[in-house]
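Visitor: mind looking at a prediction? Sequence and model below.
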Amino acid sequence: MIETQGLIEQHIHGAFGCDFMNCSEKELLETSDLLAQNGVSAFFPTVMTDDIEKIKDRISLIKSAKARQKEKTSKIAGIHLEGPFINPEKSGIHEKKYILPLQIDLYKKFDDEIIKIITLAPELDKNGEFINHLKSKDVKISLGHSIGTNFDGINQVTHLYNAMGAFSHRGNSTVVSALHNNDIYIEIIADSMHVSDEVLDITFRLKPDDKIILISDALPMAHSMEKEGIFAGQKIFNKNGKLVNSDGVFAGSSKLLCDIVKNLSDKKILAFSQAVKYASENPLNYHDLKNNLKVYWNDDFTINKTEFI
């Protein structure tokens, strides 16, 4: 067996049938235990674009669950707020009716210290006041669901290639700017569906070794028996592992981070140790977290067992 430290899920909407936008506190705590069994030391429940009152409710519930967590579980490290301050042109699965302009007074309606990452469209922050306000609160600011190319004040990019200005060999584009800027972290969904294997390989060659973070972007249907369900107010279907809405738009992933590490290792896109680095060491350093888990992997890159430190 191969021993590693635990993985960090910094972008996950749910799993095992649990939807972080609709679950109870008990269900969230149960999911924390299941994530630990799947190699996750800590995670950032992702709250997506929705009604302001719903966002407030989710923040309150997740904060309460975090306070109640037992010692030996996958720790809630904070909230990743994906929206509602995004570009309607790149809304993806997010409901456009809930998208908000980048205004500080609107953010203050649900501002909370548990929010650690915010995905937004910086091109809509015309005078930079919104981003400067977030920087003063020590929040990681992630460019996503965006066509922006200015990375001033930005820490990272949300699921590179997905829901952003595509690669262009002429002029600026979001993807080109993200790849060219060596100071920016990138999230990437390396399930071989959101991004092709060839592009994954190119990306891992281009970006600095310490600026890549693997994410799952997992939905409630991940690691569940459900073949269809409701997410973001829409019906979602499992099409041979791809979770899409009725228009074929990706809604998220059916994989967890351990599955993504296995996928990259099986296909030799990355060495196993490198895949683990991108799923563990890099996000641990980025968020200044402490690992509380040992993960024991079989020779086929599946998890044999986990053990709390």
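Guide: Nice, thanks for sending it over.

Visitor: CA atoms for contacts and neighbours, from now on please.
Guide: Fine.

Visitor: list the buried ones in stretch 186-203?
Guide: Taking 16 or more other CA atoms under 10 Å as the neighbour-count basis, stretch 186-203 is seen to contain the buried residues 186-191, 194-195, 197, 200, 203.

Visitor: actually stretch 271-280, sorry about that
Guide: For stretch 271-280, using 16+ other CA under 10 Å, the buried residues are 272, 274-280.

Visitor: stretch 3-19 too?
Guide: Neighbour counts using 16+ other CA under 10 Å place 4-19 of stretch 3-19 among the buried residues.

Visitor: go through these and say which is closest to residue 299.
Guide: In terms of CA to CA, no member of these lies closer to residue 299 than residue 4, at 13.0 Å.

Visitor: what about the residue of the chain most remote from its centre, distance to residue 176?
Guide: Computed with CA atoms, centre = their mean, the maximum C-alpha offset from the centroid of the chain is found at residue 170, amounting to 29.4 Å. Separation of residue 170 from residue 176 (CA to CA, to the nearest Å) stands at 10 Å.

Visitor: show me where the chain has its helices.
Guide: In chain order, the chain shows helices spanning 25-37, 52-68, 104-107, 129-136, 174-180, 197-206, 257-266, 272-276, 282-287, with DSSP state H as the criterion.

Visitor: minimum distance to residue 232: which of the ones you listed has it?
Guide: With CA to CA as the yardstick, what comes closest out of the helices of the chain is helix 52-68 (11.9 Å).

Visitor: just checking, what packs against the closest one?
Guide: Identification of packing neighbours for helix 52-68 by 3 or more CA pairs under 8 Å, 6 or more residues apart in numbering; DSSP states H and E yields helix 25-37, strand 40-48.

Visitor: just these: most buried one?
Guide: Highest mean neighbour count among the helices and strands packed on helix 52-68 (mean count of other CA atoms under 10 Å): strand 40-48, with a mean of 27.

Visitor: ok, back up a step: now render the helices and strands packed on helix 52-68 as CSV, adding mean pLDDT and distance to residue 151.
Guide: As requested, the helices and strands packed on helix 52-68 are exported to CSV (pLDDT from 0 to 100; distance: least, CA to CA, whole Å):
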stretch, mean pLDDT, distance to residue 151
helix 25-37, 98, 33
strand 40-48, 98, 22
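
Visitor: can you put the ones you listed in a markdown table and add distance to residue 79?
Guide: Rendered in a markdown table, the data for those read as follows (distance: least, CA to CA, whole Å):
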| stretch | distance to residue 79 |
| --- | --- |
| helix 25-37 | 13 |
| strand 40-48 | 5 |
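
Visitor: quick one: residue 64 and residue 231, what's the gap?
Guide: Separation of residue 64 from residue 231 (CA to CA): 23 Å.

Visitor: between those two, point out the one with more neighbours.
Guide: Of the pair residue 64 and residue 231, residue 231 is the one with more neighbours under other CA atoms under 10 Å, namely 21 against 12.

Visitor: re earlier: from the buried residues of stretch 186-203, which ones fall inside strands?
Guide: Secondary structure from DSSP state E places 186-189 of these in strands.

Visitor: any chance of JSON lines for those residues, columns distance to residue 68?
Guide: Converted to JSON lines, these look like this (distance: CA to CA, whole Å):
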{"residue": "186", "distance to residue 68": "31"}
{"residue": "187", "distance to residue 68": "29"}
{"residue": "188", "distance to residue 68": "31"}
{"residue": "189", "distance to residue 68": "30"}
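
Visitor: which one of those sits closest to residue 116?
Guide: The shortest approach to residue 116 among those belongs to residue 187, at 15.0 Å (CA to CA).

Visitor: stretch 71-84 spans what distance, first to last residue?
Guide: 32 Å.

Visitor: just the mean pLDDT for it, thanks.
Guide: Here stretch 71-84 scores 98 as its mean pLDDT.

Visitor: ok, and what's touching that stretch?
Guide: 10-11, 32-33, 35-36, 40-50, 59, 62, 66, 69, 98-100, 114-120, 308 (CA atoms under 8 Å, 6 or more residues apart in numbering).

Visitor: stretch 87-99 now?
Guide: 48-51, 83-86, 120-121, 124, 145-147, 163-164, 232-233, 245, 249-251.

Visitor: that stretch: how far from the chain's middle?
Guide: With CA atoms, centre = their mean, to the nearest Å as the basis, the distance from the averaged C-alpha position of stretch 87-99 to the chain average is 17 Å.

Visitor: how long is it end to end?
Guide: Terminal residues of stretch 87-99 are spaced 8 Å apart (CA to CA).

Visitor: in that stretch, which residues are buried?
Guide: Judged by neighbour count using 16+ other CA under 10 Å, the buried positions of stretch 87-99 are 87-88, 90-96, 98-99.

Visitor: correct me, but residue 251 touches residue 236?
Guide: Yes. The pair residue 251 and residue 236 qualifies as a contact (CA atoms under 8 Å) at a distance of 7.3 Å.
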